[in-house]
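[1] 3D, please:
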Amino acid sequence: MSLYRVLGDREAQDAIRAKSPRAKHCPFLLESPDACENLPERYHEKAGGAVCPNNPYGKPDLVRLFEAAEHDAELCEEAFLIRDMLRTNTLPPLDRIETGVFQGARIMAGWQHQKDIETQERMMGFGTQEEEN
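    Numbering: from 1, shown residues only. As a prediction, the model looks like this:
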């Protein structure tokens with residue numbers, strides 16, 4: 001998202017890439033600094049037009065979700081922190097935590113717990129075919 005903010009400015013994009021060299025950077029933006037909105041001509045047919053198919057702002061149904069996420073980013077960061085505190089038993093007294101943040105953390109902790117169970121179930125079946133053969 002930080003590259004999108006400097007769309008068309010190759011120097012600013014290069015500075016962002018230099019700060020995080022191990023991150024995966026968009027190959028289209030490496031080729032053309034405004035590729036999010038104006039892909040190089042040779043990609044138009046495959047992409048279905050000039051707007052990059054990976055551009056979340058090019059998908060009107062997702063714009064609302066991204067705007068909401070940006071609006072609630074601080075709340076989400078606090079909820080992630082609380083979730084991590086729940087995991088490590090370092091949670092401060094509940095009267096010092098906003099109710100909404102705590103509820104968000106509980107939801108995320110429940111989601112993470114379910115993902116952990118799914119991962120464990122997959123890992124339990126790992127290698128069973130080899131043992132049977």
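[2] would you mind finding the longest helix in the protein?
    Counting residues, the longest helix found in the chain (DSSP state H) is helix 99-124.
[3] may I see the buried residues of it?
    Buried positions in helix 99-124, judged by neighbour count with 16 or more other C-beta atoms under 10 Å: 101-102, 104-105, 108-109. In short, each C-beta sits where N, CA and C put it, glycine included.
[4] name the nearest of these relative to residue 46.
    Within the buried residues of helix 99-124, proximity to residue 46 (C-beta to C-beta) peaks at residue 108, which comes in at 37.0 Å.
[5] mind listing residues that contact stretch 53-63?
    4, 26, 28, 36-37, 47, 51-52, 66 (C-beta atoms under 8 Å, 6 or more residues apart in numbering).
[6] how far out from the middle of the chain is that stretch?
    Centroid separation for stretch 53-63 versus its chain: 14 Å, with C-alpha atoms, centre = their mean, to the nearest Å.
[7] isn't residue 101 right next to residue 75, touching?
    Yes - assessed by C-beta atoms under 8 Å, residue 101 is found in contact with residue 75 at 6.4 Å.
[8] can you list the weak-confidence ranges in the chain?
    1, 66, 125-133 (pLDDT under 70).
[9] could you rerun that using 90?
    Across the chain, residues meeting the criterion (pLDDT under 90) sit at 1-7, 16-17, 19-32, 35-133.
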